[in-house]
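A.B. asks: next input, structure requested:
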Amino acid sequence: MQFCYFHLMPYTGSAETVQDWPVANKIFDPEKGRELYNTYLDNMVSAEELGFDWVGCNEHHMSPFGMMANPNIIGASIIQRTKDIKIAMVGALVPLLNPIRIAEEYAMLDVLSGGRLIAGLLRGIPHEYVAYNMPPSESHARLSEAIDLIVKCWTEPEPFGWEGEFYQYRAISIWPRPIQKPHPRILMSGSNEASAIHAAEKHAMLGIVSAPTMPRTKELIDLYKKTAREHGWKPTKDDILIGMTCSVADDFETAKQQLSDGRAFFARVLGGGLRTAQQLVMHKTRYFDDTARGKFVDASKQAKISVDDLLDAGNVLCGTPEMVVEQIKKQHAILGHGVTNINMKVGDIPNEAISYGMKLFSEQVLPEVRGL
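C.D. replies: Take a look at the predicted model:
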């Protein structure tokens, strides 16, 4: 099994509770932000030395939820300080952006890294469409067309034109071209039926980070595999990424308390404006069809679930290294995935605790689960 060390880069410089959207940036202290960026980058770079296979960046907007408005900037910084670890951009919110620019920047990252890019091409979560004033009802169709265009940018050696429903270009020939052939591996989200099907249709890796239960996650994986077979290919375990919040400590109570406190900070401080925007999109747009709407993982409800309940559902890794090993083995026995996406920086969990948890994970967890 491979492991991705994922980071949201939350802004924890203020404990002010905010329910408005967008969140007023008057609470952002640039000097504190600079300190956090440096701390977080050091933390992410250390993942290579500690034996993680990937390090993951992401994109969010107009909120202390995450400070990576452009994850490619963070990815480029990590590339310059690492040698072998894969750089997982999880990832560009494609319907909000210019697909030609995505193709160019991802190609730059692939060349700079010597072919280490994992190219996340994502639809994003509902509130991002408020941030960029993009019609959420067009998100699926825009994503589909943009992925086809990006792949052609990476693989077509001669200039070409594009006349699509959403994108029109007279002539395209991106510089540079990516190192990986035929192109960098694509990762797409699969947290609902439509997304899982779409990932299989595009021959992409499947990433599930927000399914509410283990049986539900298994259903989505099975649907992805079935759709892939119908489109002439067979995914391996390395095509399936499962996201997990993780808290590791010397004893269970410490790990549980750290995670509980971090989740409480997230719910109280980081998630308020996000929830406001999410509800606006959910109630007034067609971001989801009726089936998916009923199965959407509501962030406000998730925040109220206890760590004990999450553990019972198999939706979190928490405890001593021995406990976490058993939790990973149990999840793998059910899901059969080949990549686990680990998020340790939840809310305001102290960075000292994060670094120590990474060390425990490296020394006592990874050796026991590598062979899965």
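A.B. asks: so in this structure, which helix runs the longest?
C.D. replies: helix 30-49 (DSSP state H).
A.B. asks: how about it: buried residues?
C.D. replies: For helix 30-49, burial by neighbour count (16 or more other C-beta atoms under 10 Å) applies to 36, 37, 40, 41, 43, 44, 45, 46, 47, 48. C-beta coordinates here come from the backbone N, C-alpha and C atoms, glycine included.
A.B. asks: not counting residues beside it along the chain, what's closest to the fourth one?
C.D. replies: When the adjacent residues along the chain are set aside, residue 41 lies closest to residue 77, with 5.8 Å between them (C-beta to C-beta, 6 or more residues apart in numbering).
A.B. asks: give me the helices and strands touching the strand or helix carrying that neighbour, please.
C.D. replies: Secondary-structure assignment from DSSP states H and E places residue 77 in helix 71-79. Helix 71-79 is packed against helix 30-49, strand 54-57, strand 86-93, helix 99-113, with contacts defined by 3 or more C-beta pairs under 8 Å, 6 or more residues apart in numbering; DSSP states H and E.
A.B. asks: ok and that helix relative to strand 86-93, angle-wise?
C.D. replies: 170 degrees (axes from the mean of the first three to the mean of the last three C-alpha atoms, to 10 degrees).
A.B. asks: one step back: same list (the helices and strands packed on helix 71-79) but as JSON lines, adding distance to residue 9 and mean pLDDT.
C.D. replies: Output for the helices and strands packed on helix 71-79, formatted as JSON lines (distance: least, C-beta to C-beta, whole Å; pLDDT from 0 to 100):
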{"stretch": "helix 30-49", "distance to residue 9": "5", "mean pLDDT": "98"}
{"stretch": "strand 54-57", "distance to residue 9": "8", "mean pLDDT": "97"}
{"stretch": "strand 86-93", "distance to residue 9": "13", "mean pLDDT": "93"}
{"stretch": "helix 99-113", "distance to residue 9": "17", "mean pLDDT": "98"}
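A.B. asks: any chance of a markdown table for the ones you listed, columns distance to residue 6?
C.D. replies: Formatted as a markdown table, the helices and strands packed on helix 71-79 follow (distance: least, C-beta to C-beta, whole Å):
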| stretch | distance to residue 6 |
| --- | --- |
| helix 30-49 | 9 |
| strand 54-57 | 4 |
| strand 86-93 | 7 |
| helix 99-113 | 17 |
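A.B. asks: tell me which of these sits nearest to residue 223.
C.D. replies: Nearest of the helices and strands packed on helix 71-79 to residue 223, taken as C-beta to C-beta: strand 86-93 at 20.9 Å.
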